[in-house]
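Peer 1: Generate a structure from the sequence data that follows.
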Amino acid sequence: MTTATASPAPQDEVDARLTEHRRIWAEKPTLRMIYMDYHRRLEASCPPGPLLDIGGGSAHFKNYRADVTSLDILPFPGIDVVADAHDMPFENGRFSGIVMLDVLHHLQRPVAFLQEAARVLKPGGRLAMIEPGMSVVAKQFYDRFHQEPVVMTADPFAEGKQSGDDPFDSNQAIPTLMFASEQARARVEATIPELRVVETRWLGLFAYPLSGGFKSWCLWPAALTRPMIALEDRLLPALGSTLAFRLMVVLERKG
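Peer 2: Residues are numbered from 1 along each chain as shown. Sure thing, here's the model as predicted:
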């Protein structure tokens, strides 16, 4: 298969929710600083070589690395390939790394996606993702105050769709259900034997929830964001499973 390339979409074809995301991104320096830290972590987890950004959305990863190939199911200026992540138009072993930010919990068939990701990765290539993490405190917050559902009783390995047909539909619990426990990670590796889980870690204690994410409000000043991220890195080993709002996962394609 060859790489498909999409030219920037006319404005009237762009989903209004993505346009709003891009507006908020431009207006919130705290959010940009937090996401640039996420981008740095994701890229650093992948070996050198061609990099694929899946679920590129409003294409903010390109502010960090311009040569990334960005794929999304919805067109937006800066998205290179408009395609379904479950069936990507790339040849086997095309990429050294895949990065994703808030994508897995939107995918209808996460197991099928991981199989497809393994296909397009080179041997030794890595898939790095940052997703909502259901720590003790974060689960209560997401469940009560976030518009996306948290269904902890779901089985992400089961047949059938894990979310609806709108690309913004989701189950925020999916990443935690697949990767937060040793038993779940073992099930991933047994189900997709081409991949092994090489890292899971909690992220995001205070700055991220106080930033408001892609909401219009922000309760954390940009000037204190980098110092807070540095402090969080020291606190996370002790507090992550109780307080963290993010889960970072890295998988490697076996040779």
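
Peer 1: now the strands for the stretch 101-250 of the chain?
Peer 2: Here the stretch 101-250 of the chain has its strands, by DSSP state E, counting those that start in this stretch, at 121-132, 195-203, 246-253.

Peer 1: residues near Ser54, how many?
Peer 2: Actually, residue 54 is Ile rather than Ser. Other residues near Ile54 come to 28 when the count uses other Cβ atoms under 10 Å. Heads up, the C-betas are built off the backbone N, CA and C, glycines and all.

Peer 1: List phi and psi for it.
Peer 2: When read as degrees, to the nearest 10, the backbone of Ile54 gives phi -100, psi 140.

Peer 1: where does it sit relative to Leu71, distance-wise?
Peer 2: 5 Å (Cβ to Cβ, to the nearest Å).

Peer 1: Likewise for Ser45?
Peer 2: In terms of Cβ to Cβ, Ser45 sits 18 Å off from Leu71.

Peer 1: now do Ala128
Peer 2: On the measure of Cβ to Cβ, Ala128 and Leu71 end up 15 Å apart.

Peer 1: quick one: which helix or strand includes the closest residue to Phe168 other than its chain neighbours?
Peer 2: By the measure of Cβ to Cβ, 6 or more residues apart in numbering, the closest residue to Phe168 outside its immediate chain neighbours is Arg17, 6.4 Å from it. Taking DSSP states H and E as the definition, Arg17 sits inside helix 16-27.

Peer 1: Buried residues of that helix, list them for me.
Peer 2: Neighbour counts over helix 16-27 (16 or more other Cβ atoms under 10 Å) mark Leu18, His21, Arg22, Ile24, Trp25 as buried.

Peer 1: got the contact list for the second one?
Peer 2: Pointing back at His21 there. Gly57, Ser58, Phe214 (Cβ atoms under 8 Å, 6 or more residues apart in numbering).

Peer 1: can you do 6 Å?
Peer 2: Ser58, Phe214 (Cβ atoms under 6 Å, 6 or more residues apart in numbering).

Peer 1: re the thing from before, for Leu101, find the nearest of the strands of the stretch 101-250 of the chain.
Peer 2: strand 121-132 (5.3 Å; Cβ to Cβ).

Peer 1: Low-confidence stretches in this structure?
Peer 2: 1-12 (pLDDT under 70).

Peer 1: centroid residue for it?
Peer 2: Residue closest to the average C-alpha location in the chain (Cα atoms, centre = their mean): Leu101, at 2.2 Å.

Peer 1: Go ahead and confirm that one touches Met129.
Peer 2: No - contact criterion Cβ atoms under 6 Å: Leu101 and Met129 do not qualify, at 7.2 Å.

Peer 1: Distance of Pro237 relative to Asp72?
Peer 2: Distance from Pro237 to Asp72, by Cβ to Cβ: 34 Å.

Peer 1: More neighbours: those two, which one.
Peer 2: Asp72 (26 against 10).

Peer 1: and the more buried one, what does it touch?
Peer 2: Per Cβ under 6 Å, 6+ apart, neighbours of Asp72: Gly55, Gly56, Ile79.

Peer 1: Thanks again, I'm all set now.
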